[in-house]
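[1] got a sequence here, can you model it:
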Amino acid sequence: MTSALVLPMSLCLLAAACGNPSTGETARTETTRLVSSASPAPSVDPVVQWNRILLSIVRTPGAQPATVHATRGFAMLHAAIYDAVNAIDRTHAPYLIRVRHAPRGASQQAAAAAAAHGVLVALYPALSAQIDAQFEQSLTEVPDGAGKEEGVAIGAEVARHLVMLRADDGSAAQPPTYVFGTMAGAYQSTPPNFPPQPQFTHWSHVRPFAVESASQFRPGSPPRLTSAAYSDAFNDLKSLGSAAGSTATADQALTGRFWNGAVQNYWNEIAQTTSVVDTLTTAQNARLFALLNLALADSVIAFYDAKYTYNFWRPVTAIRAADTDGNLKTDADPNWLPEVGKTAPDPSYPGAHAVISAAAAAVLTDVLGAEPFKFSVRSEVMPGAERSFQSFAAAAQEATLSRIFAGQHFRFDLSAGRVLGLQVADLVLDHFLTEREDDDPERD
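    I've put the predicted structure just below:
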């Protein structure tokens, strides 16, 4: 487990001093519009509000650094918000930073906003003017007084230390050059666009947020190319995930396209929806979103470890080169393309959607329960498209299976991914942000 960094209560209690806006180059008009559009109604909890703001940033072309996975930012944002709010609430163990003697009367809303602001201006300095404006707007929702000033001080202090502690986590490293394989089963650049390099070749070396190492839950190897397990999955995918002559139903093909986006964004929106339905408090939201995004960040680190350990070829390569795999039950189709056109630029095993969706659903179910309720999810890549579900498990299952219908993953990619996601989520839920005992001295 991560040891908490203990901070004394800051002597800086004035919002003007602790929340001094950073300066940075002016972002382009499109970015300004998208960040501003995240401004919620006054009744929206600040944890949800800042989650929306970060979603708007990562969805803006060019705003997210190409070699830094967005889940790192979400984990840092919500870890800081949680530690700041929990310093006041004191009901659960801190994640990383413990603020001793934080005033009980400090504003949790102000602490959340200041923590979020501090993290985001550090991660996105080009957007600092817009983030500063959002911060100032969010503080207008908090009554003036000592509680507001103390909350801002706590949030700013937590954010500063968390950013400092993550500064050398490996995320800024230059991704190493990847050498594509040539043998059957080896990952190769994929048609029709043939990317010159795969993505995030360095990400397994990023320091995890919760798990002990990127390889802690590394799955076993994919099935042998000559096995029945491989040929069964191959033929299933070849038939269901093809751009031409697919045997998938219209709804299956639609799900393949619907979920063909940054799947962690879908799950943060699902958490937002659930938060509103359940009317969670700021402290409850802080814990929910922190658990979710810690699990997602480490899931990504873990699956990149496995992807670049096994370097398994993608279905489009496997199908086009099936005459080289030594399996008499697989037939080559040199013109085959996946339903969604292009293939994600990284190895196939395990499937990212399966890992992330399993982890997310496990966290949301553990914190919020499994009682059915209807919620809708918007697509990241199909404007205006929504799909509805009765449970987190149902959404996770569809998101996972969608990768077959998209022509992106073999079924065994998804099975291994689901197990990996559950293992990461279980560790986070068992060991982090846990409820304090009644006799914990920090509660006094």
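
[2] ok, and the closest non-adjacent residue to residue 112?
    residue 46 (4.3 Å; C-beta to C-beta, 6 or more residues apart in numbering). For the C-beta atoms, the positions are set from N, CA and C on the backbone; glycine is no exception.

[3] surely residue 409 touches residue 346?
    No. Distance between residue 409 and residue 346: 11.3 Å, which falls outside the contact criterion (C-beta atoms under 8 Å).

[4] so these two - more neighbours on which side?
    The residue with more neighbours, out of residue 409 and residue 346 and counting by other C-beta atoms under 10 Å, is residue 409; that gives 29 against 21.

[5] tell me the pLDDT of that one.
    Residue 409 carries a pLDDT score of 98 in this model.

[6] go on, the one 10 residues further on?
    Note on residue 419: pLDDT of 98.

[7] pull out the buried positions in the host helix or strand of it.
    Counting by DSSP states H and E, the element that carries residue 419 is helix 411-431. The neighbour-count criterion (16 or more other C-beta atoms under 10 Å) identifies 411-429 as the buried residues of helix 411-431.

[8] stretch 65-77 too?
    Within stretch 65-77, the residues that count as buried by 16+ other C-beta under 10 Å are 69, 70, 71, 72, 73, 74, 75, 76, 77.

[9] for it, the averaged confidence score.
    For stretch 65-77, the mean per-residue pLDDT is 98.

[10] starting at the chain centroid, how far to that stretch?
    Here stretch 65-77 shows a centroid-to-chain-centroid distance of 8 Å under the convention C-alpha atoms, centre = their mean, to the nearest Å.

[11] one step back: among the buried residues of stretch 65-77, which two are most distant?
    Distance extremes for the buried residues of stretch 65-77: the farthest pair is 69 and 77 at 13.7 Å, using C-beta to C-beta.

[12] residue 373: neighbouring residues, count only.
    Should you count by other C-beta under 10 Å, residue 373 turns out to have 14 residues around it.

[13] grab the nearest non-local neighbour of it.
    Leaving out its chain neighbours, residue 373 is closest to residue 277 (C-beta to C-beta, 6+ apart), at 6.4 Å.

[14] from residue 271, how far out is that neighbour?
    As defined by C-beta to C-beta, to the nearest Å, residue 277 lies at a distance of 11 Å from residue 271.

[15] lowest confidence element among the helices and strands of the protein?
    Per-element confidence for the chain was summarised using mean pLDDT, DSSP states H and E. The lowest value among helices and strands belongs to helix 15-18, with a mean of 30.

[16] can you tell me the SS state at residue 376?
    When the structure is split into helix, strand and coil by DSSP: H, G, I helix; E, B strand; the rest coil, residue 376 lands in strand.

[17] ditto for the one 4 residues further on
    Assigned with three-state DSSP, residue 380 falls in the coil class.

[18] OK, contacts around it?
    By C-beta atoms under 8 Å, 6 or more residues apart in numbering, residue 380 lies in contact with 59, 261, 262, 265, 266.

[19] what's the helix holding residue 419 packed up against?
    Judged by 3 or more C-beta pairs under 8 Å, 6 or more residues apart in numbering; DSSP states H and E, helix 411-431 is in contact with helix 228-240, helix 282-310, helix 352-368, helix 392-405.

[20] what is the very next helix or strand once past the longest one packed up against?
    The one in question is helix 282-310. Stepping forward along the backbone from helix 282-310, the first helix or strand reached (DSSP H and E) is helix 315-320. Packing partners of helix 315-320 (3+ C-beta pairs under 8 Å, 6+ apart): helix 228-240.

[21] so for residue 277 and residue 271, which residue has more residues nearby?
    Set side by side, residue 277 and residue 271 show unequal neighbour counts under other C-beta under 10 Å, the larger going to residue 271 at 27 against 12.

[22] surely the more buried one and residue 289 touch.
    Yes. Contact status for residue 271 versus residue 289: in contact at 6.2 Å, counting by C-beta under 8 Å.

[23] anything in contact with each of these two?
    Any residue near both residue 271 and residue 289 by C-beta under 8 Å, 6+ apart counts here, and that gives residue 51.

[24] quick revisit: could you dump the contacts of residue 380 to a markdown table with secondary structure and neighbour count?
    Output for the contacts of residue 380, formatted as a markdown table (DSSP: H, G, I helix; E, B strand; the rest coil; neighbours: other C-beta atoms under 10 Å):
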| residue | secondary structure | neighbour count |
| --- | --- | --- |
| 59 | coil | 16 |
| 261 | coil | 16 |
| 262 | coil | 19 |
| 265 | helix | 18 |
| 266 | helix | 23 |
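
[25] include pLDDT and distance to residue 100 when you put those residues into a markdown table, please.
    Written out in a markdown table, the entries for those read as follows (pLDDT from 0 to 100; distance: C-beta to C-beta, whole Å):
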| residue | pLDDT | distance to residue 100 |
| --- | --- | --- |
| 59 | 97 | 38 |
| 261 | 97 | 42 |
| 262 | 98 | 38 |
| 265 | 98 | 36 |
| 266 | 98 | 38 |
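
[26] ok, those residues vs residue 102, which is closest?
    residue 265 (32.2 Å).

[27] gap between the closest one and residue 399?
    Note on residue 265: its distance to residue 399, by C-beta to C-beta, is 12 Å.

[28] now residue 350
    The span separating residue 350 from residue 399 equals 14 Å under the rule C-beta to C-beta.

[29] again, but for residue 123
    Distance of residue 123 to residue 399, given as C-beta to C-beta: 26 Å.

[30] tell me which of these two has more neighbours.
    In terms of neighbours (other C-beta under 10 Å), residue 399 is the more surrounded of residue 123 and residue 399; the figures are 27 against 20.

[31] contacts only, for that one.
    Residues near residue 399 by C-beta under 8 Å, 6+ apart: 259, 263, 266, 353, 357.

[32] quick one: which of those is nearest residue 210?
    Nearest to residue 210, judged by C-beta to C-beta, of those is residue 357 at 18.2 Å.

[33] isn't the closest one up against residue 263?
    Yes. Applying C-beta under 8 Å, one finds residue 357 in contact with residue 263, separated by 6.3 Å.

[34] the more surrounded of the two?
    Under the criterion of other C-beta under 10 Å, the comparison of residue 357 against residue 263 puts residue 357 first, with 34 against 22.

[35] residues contacting the more buried one?
    Going by C-beta under 8 Å, 6+ apart, the list of residues near residue 357 reads 263, 267, 395, 396, 399, 400, 418, 421.

[36] go with 6 Å
    With contacts taken as C-beta atoms under 6 Å, 6 or more residues apart in numbering, residue 357 has the following neighbours: 396, 399, 400.

[37] name the helices or strands packed onto the helix or strand containing residue 121?
    Assigning secondary structure by DSSP H and E places residue 121 in helix 108-123. On a contact count with 3 or more C-beta pairs under 6 Å, 6 or more residues apart in numbering; DSSP states H and E, helix 108-123 meets helix 46-58, helix 70-89, helix 128-139, helix 146-165.

[38] so which of these gets nearest residue 251?
    Across the helices and strands packed on helix 108-123, residue 251 has its closest neighbour in helix 46-58 (26.8 Å, C-beta to C-beta).
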